[in-house]
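Asker: sequence first, then the predicted structure, then my questions.
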There are 2 protein chains.
Amino acid sequence: MKSETKIRNSGCPVAFGLDTFGDRWSLLVIREIMLRGKRTYSEFLQAEEGIATNILIDRLKHLESQGILEKNRDPENRRSFVYSLTSKGYDLAPILIELIIWSGKHDDRANAKRDVLEEIQRDRDSFEMKLRGV
Amino acid sequence: MKSETKIRNSGCPVAFGLDTFGDRWSLLVIREIMLRGKRTYSEFLQAEEGIATNILIDRLKHLESQGILEKNRDPENRRSFVYSLTSKGYDLAPILIELIIWSGKHDDRANAKRDVLEEIQRDRDSFEMKLRGV
DNA sequence: ATTACATATTGCATTTCGCAAGTTATTTTT
DNA sequence: AAAAATAACTTGCGAAATGCAATATGTAAT
């Protein structure tokens, strides 16, 4: 996990966030958990974007080391591990929501999925509560 | 600019946003413009994080091709170009704000800069207006 | 014409990524 | 108890992206 060693450490909050989860895959893993209820390594692998196994495990370890995810054995399936968001991880919900709003406004592809966007527009606060599992 | 060819195109708004500006440098360029009033190639190069020249020009072209930036000659210095945000680019303000809020909450380094965070907390809406140049 | 400045490009070593195959640990089936 | 199946990794290697230094191109001032 080399990516962890390279820290810009500029003190800027934007740079801090980018160092923590600002790569092409971390937010997709977080989306799988927060928006789609996925929890295990093999479920993340099935995501439509097709993440490679070594990249996935690298990101899971990184996010875990950053206190965004935590890993525990699945009590219902002893050979499986469950990744879940910490409160620090759930605090990413507003970023995810703003990302969805931005894309909803600017992605004009016909196949763009609009259901989540409409749900946000109806009631953003309760959508955020839902993401947080409250 | 190979990064442009690799598009996940999954239809998911999170993936769309990540494809558009979800690398380690794009948001830093946008920060330079939106939060620090920087406008030119050489100003971006001076950012504390130290972006390489080839990466910078790659990202500028990419963001321009995505309609987030536009490039014009500086009327006051005819040998310089000015990059500015389009309205699509300014719409990234809420994402930047949420990123700053998240980092402000979770970056416990002593040197983390808190002035911007406090300004957001006092009045988020007028901070966003300020970023948008309104 | 020369110099200086600003933007951009090129070459090359290093790092990361993506894909396929293999490994380890645990559980189920026979 | 042995074999098969499942889940979570790990490894190897070619391809792509990145970082750094040097060079090139275009514009303006002297």
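Answerer: Happy to help now that I have it. Residues are numbered from 1 along each chain as shown, chains lettered A, B, ... in the order given.
Asker: three-state assignment of the residue nearest in space to the middle of chain A?
Answerer: Among the residues of chain A, the one closest to the centroid is residue A:30, at 1.3 Å (C-alpha atoms, centre = their mean). Under the three-state scheme (DSSP: H, G, I helix; E, B strand; the rest coil), residue A:30 adopts helix.
Asker: quick one: it and residue A:93 touch, right?
Answerer: No: using C-beta atoms under 8 Å, residue A:30 is not in contact with residue A:93; the gap is 9.2 Å. All C-beta atoms are positioned from the backbone trio N, CA, C, and that covers glycine.
Asker: returning to that earlier point: OK, contacts around the closest residue to the residue nearest to the centre of chain A other than its chain neighbours?
Answerer: Excluding the flanking residues, the one nearest residue A:30 by C-beta to C-beta, 6 or more residues apart in numbering or on different chains is residue A:92, at 5.9 Å. When contacts are counted by C-beta atoms under 8 Å, 6 or more residues apart in numbering or on different chains, residue A:92 touches A:21, A:27, A:30, A:34, A:68, A:85, B:102.
Asker: how close does residue A:92 sit to residue A:20?
Answerer: Noted for residue A:92: a distance of 9 Å to residue A:20, by C-beta to C-beta, to the nearest Å.
Asker: same check on residue A:49?
Answerer: Distance from residue A:49 to residue A:20, by C-beta to C-beta: 20 Å.
Asker: who has more neighbours, these two?
Answerer: It is residue A:20, of residue A:49 and residue A:20, that has more neighbours when counted by other C-beta atoms under 10 Å in any protein chain shown, with 23 against 17.
Asker: my guess is that one meets residue A:68, correct?
Answerer: Yes: using C-beta under 8 Å, residue A:20 makes contact with residue A:68 at a distance of 7.2 Å.
Asker: let me see the domain layout of chain A.
Answerer: For chain A, automatic domain parsing gives the domain ranges A:10-86, A:92-134.
Asker: restricting to C-alpha, output the worst-scoring helix or strand of chain A on mean pLDDT in PDB.
Answerer: The weakest-scoring helix or strand in chain A, judged by mean pLDDT, DSSP states H and E, is helix A:115-122 (a mean of 90). Output of helix A:115-122 as PDB, limited to C-alpha atoms (Å, rounded to 0.1, in the frame of the first residue of the first chain):
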ATOM      1  CA  ASP A 115     -34.200   8.300  -9.300                       C
ATOM      2  CA  VAL A 116     -31.700   9.000  -6.500                       C
ATOM      3  CA  LEU A 117     -31.500  12.600  -7.700                       C
ATOM      4  CA  GLU A 118     -35.200  13.100  -7.500                       C
ATOM      5  CA  GLU A 119     -35.300  11.600  -4.000                       C
ATOM      6  CA  ILE A 120     -32.600  14.100  -2.900                       C
ATOM      7  CA  GLN A 121     -34.500  17.000  -4.400                       C
ATOM      8  CA  ARG A 122     -37.700  16.100  -2.700                       C
END
